[in-house]
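Novice: predicted model, plus sequence, below.
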Amino acid sequence: MTLWIAGARGRDTALGIEGGRIVAESPQPPPGSEVLEASGLFLVPAFIDAHVHLQLVPGAPRALLRSGVAAVLDLGAPESALPFAEAAPLRVRFAGPLLTAPGGYPTQGWGKDGYGLEVASEKEATLAVERLFRSGSRFLKLAFAPRNPTLAPPVARAAADQAHRRGMLVAAHALDRDSVQRALAAGADVFAHAPLEPIPLPGKWVISTLRAFGGTVRGLGARVVYGTDLGNQGTEPAIDARELALLEREGVDFLRAATLDAAELLGAPDLGRLSIGSAASLLAVRGLDPESLAHPVWVMNCGTLLR
Ligand SMILES: [Zn+2]
């Protein structure tokens, strides 16, 4: 039985939902079909948060799903948490622990309980990446932080090379100019935070985290996606209106950054858009501004109404 979502603002077709997917589009639902009215509301794809730490926030998967987030990229978790099977139906891509130098960030602070994985040589780095890949990691995260021991360039390079051989994307914690340069030299594809100053990063991905870490995404020439660094101080497992507003202020199409572009980064082509074949994961909202997006009227995940 197909459920139809009809009457949404700015759309000239109703969406037919079956088996958790969008299976049809039509100007009108067929006579006699089951209809979910969305009159006066906009439909947008469910959100993707491209920087979270699920292990730091009890109950995060369920809270995220109910708030309208369908998928996340976890950029720092102990190996014991992988592969986040219990987070379903929240879709999780993940890096596992940050690869770092002995005594490096974040092993001396917030990440002391397995959030950092220390490697001292190229061989150790390569073996660690291989183990993370076998645990399901499709991203590798390298740590570059000033005032801490930092991965030696050949070690960082060996880790990134092994990740690339496995088809993984290499993310970097790198905020200041020197750290960003080290990450680029290693072969990073993704910056887990906006850099603190405008540094050209053409062809790279930058995850915003503007509220948690500041920085800028202007003038980078990179593709910017929405991420909150959930688990950091002051964050909530929900769509973050303030992060969206900061992206807007930086001139970024924030809705696209949290849907279509984030889906591409995660390698989830059935998310981030509302077209035939996509997951029926969407939000009905009163407006397309940050506050309205963060407070959907209803949320559907894979065809199930969550609120
Ligand atoms: Zn983080």
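Specialist: Cool, the structure landed.
Novice: spatially central residue in the protein, please.
Specialist: Ala50 (1.4 Å; C-alpha atoms, centre = their mean).
Novice: show me where this protein has its helices.
Specialist: Applying DSSP state H to the chain gives helices spanning 60-67, 122-134, 153-165, 177-186, 210-213, 241-249, 254-258, 260-266, 290-294.
Novice: looking at the ones you listed, spot the one closest to Pro45.
Specialist: For Pro45, the closest of the helices of the chain is helix 260-266, at 7.4 Å, according to C-beta to C-beta. (Each C-beta comes from the backbone N, C-alpha and C, glycine too.)
Novice: what does that closest one rub up against?
Specialist: 45, 47-50, 71, 73, 91, 93, 169, 190, 205, 223-226, 269-273 (C-beta atoms under 8 Å, 6 or more residues apart in numbering).
Novice: show me those that map onto strands.
Specialist: 45, 47-50, 71, 73, 91, 93, 169, 190, 205, 223-225 (DSSP state E).
Novice: pretty sure Ala280 sits against Gly20.
Specialist: Yes. Under the criterion of C-beta atoms under 8 Å, Ala280 makes contact with Gly20 at 5.6 Å.
Novice: that older thread, what's the closest non-adjacent residue to the residue nearest to the centre of the chain?
Specialist: For Ala50, ignoring the flanking residues on the chain, the nearest one in space by C-beta to C-beta, 6 or more residues apart in numbering is Gly227 at 4.0 Å.
Novice: check contacts around that neighbour.
Specialist: Counting by C-beta under 8 Å, 6+ apart, Gly227 has contacts 49-52, 73, 75, 192, 207-209, 243.
Novice: could you do Ala63 as well?
Specialist: 57, 236-238.
Novice: domain map for the chain?
Specialist: 3-44+273-305, 47-266 (automatic domain parsing).
Novice: any buried residues in stretch 253-270, and which?
Specialist: 254-266, 268, 270 (16 or more other C-beta atoms under 10 Å).
Novice: how far does stretch 75-83 sit from the chain's center?
Specialist: 15 Å (C-alpha atoms, centre = their mean, to the nearest Å).
Novice: between the two ends of that stretch, how far is it?
Specialist: This stretch, stretch 75-83, spans 13 Å end to end (C-alpha to C-alpha, to the nearest Å).
Novice: same question, stretch 273-288
Specialist: End-to-end for stretch 273-288, by C-alpha to C-alpha: 15 Å.
Novice: re earlier: who are the neighbours in contact with the residue nearest to the centre of the chain?
Specialist: Contacts of Ala50 by C-beta under 8 Å, 6+ apart are 72-73, 207, 225-227, 262, 265-266.
Novice: try Val52
Specialist: Going by C-beta under 8 Å, 6+ apart, the list of residues near Val52 reads 60, 64, 72-75, 227-231.
Novice: hmm, 10 Å instead?
Specialist: 60-61, 64, 69, 72-77, 90, 92, 94, 227-232, 235, 237 (C-beta atoms under 10 Å, 6 or more residues apart in numbering).
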